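> Give the three-dimensional model of this entry:
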Amino acid sequence: AWQVQPQRGRPAGARPGDPRRGARLNLVETLRAAAPWQTLRRRERPAHPARVQLQRDDFRITRRIQPRQTVTMFVVDASGSAAAHRLAEAKGAVELLLAECYVRRDQVALLAFRGQPGGPSVEWLLPPTRALARARRCLAGLVGGGATPLAAALDAAWLASQEQLRRGATPVVVVLSDGRANLARDGRPGRTQAAADALVSARAFAGQSLDLLWLDTAPQPQAQARELAQAMGARYLPLPHADARQLHAALG
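All right, here's what the predicted structure looks like:
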């Protein structure tokens, strides 16, 4: 994705415009636009036959574009349903994806979620940053336990993605979860309401200008995770069967 910048970025052709407003005059394209009218203009203004006669409509300014900043947001399930060895595999997947982010010069952010006494805990461990070493340290210190407030986590990720869109960035949301929600949006336990809330939260992503990936962290692929990924419009990969090549392709 690219965005137009009047004075920064790489040249990408020219367009009509007023160079007095700070943009750079594209002299070649300006002369090219004026050339077909010179014979007529010399007849109308014979006092200056040797000059190139320019009018306001001839002016062309350089059009510049620069790549949008990509912000990859990892939404990591650190609840008890993600057992210790599964959380370790999720961390390994994030490590592989962080390497891709480094190559692409993405910013990265890390959100972890789990239920704790008093209600859901959805915490941005790391706001958007290019400091990938910090991301790795936060990831290494992440411990699991508690219930699974999936709806609250998806709500937080959606709000963050909308903020990045407003800033002109390209958000990428990577969810690592088995999809088995058991804590409702209001903090009450119970799988039925928690699953319904998570589905509503997932559907908020559909149709947005977002790049979405769901990595199912269960030992075997889960129908709940696949359904939520489909509701979001996300690509779905079951982590036990996803290798480095597939992760590279999914993020690319």
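> tell me the contacts of Asn182?
By C-beta atoms under 8 Å, 6 or more residues apart in numbering, the contact list for Asn182 reads 81, 115, 147-148, 189-191, 194. Yep, even glycine has a C-beta here, placed from its N, CA and C like the rest.
> So which of those sit within strands?
Gly115 (DSSP state E).
> May I ask which two of the contacts of Asn182 are separated the most?
Ser81 and Gly190 (14.3 Å; C-beta to C-beta).
> neighbour-wise, which of these two wins?
More crowded of Ser81 and Gly190, by other C-beta atoms under 10 Å: Ser81, with 21 against 13.
> Pick out the residue nearest the middle of the protein.
Pro171 (1.3 Å; C-alpha atoms, centre = their mean).
> quick one: what helix or strand has that one in it?
Here Pro171, judged by DSSP states H and E, is contained in strand 170-176.
> thinking again about what came up before, out of the contacts of Asn182, who's nearest Ala181?
The closest of the contacts of Asn182, once distances to Ala181 are taken by C-beta to C-beta, is Ala194, at 3.9 Å.
> Against Ala147, how distant is the closest one?
8 Å (C-beta to C-beta, to the nearest Å).
> Which residues are in contact with each of those two?
Listed as contacting both Ala194 and Ala147 by C-beta under 8 Å, 6+ apart are 182-183.
> If you count surrounding residues, which of those two has more?
Using other C-beta under 10 Å as the criterion, Ala194 and Ala147 rank with Ala194 on top: 25 against 22.
> and the more buried one, how far is that from Arg203?
Relative to Arg203, and taking C-beta to C-beta, Ala194 is found at 15 Å.
> do the same with Arg15
40 Å.
> again, but for Trp37
Trp37 sits 56 Å away from Arg203, taking C-beta to C-beta as the criterion.
> can you pull the buried residues of the longest helix anywhere in the chain?
The longest helix of the chain (DSSP state H) is helix 84-104. Under the neighbour-count criterion of 16 or more other C-beta atoms under 10 Å, helix 84-104 has 86-87, 89-91, 93-94, 96-98, 100-101 buried.
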